[in-house]
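I'll drop the sequence and a predicted model, then ask my questions.
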Amino acid sequence: MILPIYTYGQPVLRKEAENIDQNYPDLPVLIQNMFDTMNHADGVGLAAPQVGLPIRMFIITLDPLAEEHPEYKDFNKVYINPEIIEESEDQETMDEGCLSLPGVHETVKRSKKIRVKYHDADFVEHEEELDGFHSRVFQHEFDHLDGKLFIDHLSTLRKQMIKGKLNVMLKGKARSSYKMKQVKA
Ligand code: NI
């Protein structure tokens, strides 16, 4: 089932999300709905707060990048209660967007490599070192769980440049190809 994506201005996007345990109600259904929602919106990541739930979980698909990066073929993963335990000092700049901020694309500087811990959909714990797009998308989604958005990383000048687009969202008048839950003007 496709869920509406909460857009900029919705308070849930600014909340500190909470860890969950295996008893979280209907978790497999929620995970499936999140994949349906992300795929329908052509996203590569989606965090639970973006569908209105302040819980520490996100999903990532790298399959859309498989043409150029065959190692990402069928890459679809669930991350529950994730932690970043190490970040490389080495940073890189990449273009980012966010389904909660339709029409906004900006370059963001982040660590190249990270070491992470998380639970998968079966609550099995994993510890991994991530690089490339995987590291990038993980850091973007992880921010969502702390109430952060990629635009928080921008310079004052770049923030000023996108102010108009943000104001349109705050009026509940954003447009996208997918279903959104916008703030009421
Ligand atoms: Ni996002």
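Yes, it's here.

Ramachandran coordinates for Val44?
phi -110, psi 0 (degrees, to the nearest 10).

Test my guess that it contacts Thr61.
Yes. Val44 sits in contact with Thr61 when judged by C-beta atoms under 8 Å, with a separation of 5.7 Å. In this view, the C-beta of every residue, glycine as well, is placed from N, C-alpha and C.

list the residues that contact both of the two?
Met38 (C-beta atoms under 8 Å, 6 or more residues apart in numbering).

and the residue sitting nearest the centre point of the chain, what element?
The centroid of the chain falls nearest to Glu141 when counting by C-alpha atoms, centre = their mean (3.2 Å). Glu141 is part of helix 132-145 when elements are defined by DSSP states H and E.

For that helix, which residues meet the burial criterion?
Neighbour-count burial for helix 132-145, counted by 16 or more other C-beta atoms under 10 Å, picks out 132-145.

Tabulate the residues you listed in CSV, adding columns for pLDDT and distance to Phe123.
As requested, the buried residues of helix 132-145 are arranged in CSV below (pLDDT from 0 to 100; distance: C-beta to C-beta, whole Å):
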residue, pLDDT, distance to Phe123
Gly132, 95, 26
Phe133, 96, 26
His134, 97, 21
Ser135, 98, 23
Arg136, 98, 26
Val137, 98, 22
Phe138, 98, 19
Gln139, 98, 23
His140, 98, 24
Glu141, 98, 19
Phe142, 98, 19
Asp143, 98, 23
His144, 98, 21
Leu145, 98, 17
